[in-house]
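J.: sequence plus the predicted model coming up.
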Amino acid sequence: MSYSLAVANRTMHMRIVVLVPILLLCLEPAAFAATTTPTCTRELAAAETSLLKTLVHLDSIAKGHQDEKCAVYHKHVEIVTKAREVFVRCMTSPERETDIDQLDGSLRDTYGVIARSCGDQ
């Protein structure tokens, strides 16, 4: 891997790691109160837990092997996509659109990292 690609990968990894905590700020207890059903409240709590876990996992592979990173990036996309679906269905707070836009940004960034770093993996 070239030096410039390595720097770009590291930069994108850091951007993803920085964006996820910002996303989690959206999931304050007030956000749970702004749901339509108890089921949505539970699903939002589960989404928050999953986003926290993916953040920890992303951070833990920063110096890992590229194959491992790619697997984690793909898993991150899966988790953020599921969280986004919950947000769309369950959030009713005024911050809903902003939160969904942040998740979309995280997905775009992660897809970019995958395209540059992972090839067909």
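T.: Great, that's in hand.
J.: what is the neighbour count of Ala71?
T.: 16 (other C-beta atoms under 10 Å). Every C-beta, even on glycine, is put in place using the N, C-alpha and C of the backbone.
J.: mind checking how far it is from His65?
T.: Applying C-beta to C-beta, to the nearest Å, the value for Ala71 to His65 is 10 Å.
J.: what are the contacting residues of the longest helix seen in the chain?
T.: Longest helix in the chain by number of residues (criterion: DSSP state H): helix 66-90. Contacts with helix 66-90, where a contact means C-beta atoms under 8 Å, 6 or more residues apart in numbering, come from 1, 9, 13, 16, 23, 35-37, 40-41, 43-44, 46-47, 50-51, 53-54, 57-58, 61, 64, 96, 99-100, 103-104, 106-107, 110-111, 113-114, 117-118, 121.
J.: so where's this structure uncertain?
T.: For the chain, applying pLDDT under 70 flags the ranges 1-35, 120-121.
J.: buried ones in the helix or strand Arg108 falls within, by neighbour count?
T.: Using DSSP states H and E, Arg108 maps to helix 96-117. Neighbour counts over helix 96-117 (16 or more other C-beta atoms under 10 Å) mark Arg96, Asp99, Ile100, Gln102, Leu103, Ser106, Leu107, Asp109, Thr110, Val113, Ile114, Ser117 as buried.
J.: do stretch 59-74 as well
T.: Ile61, Lys69, Cys70, Ala71, Val72, Tyr73.
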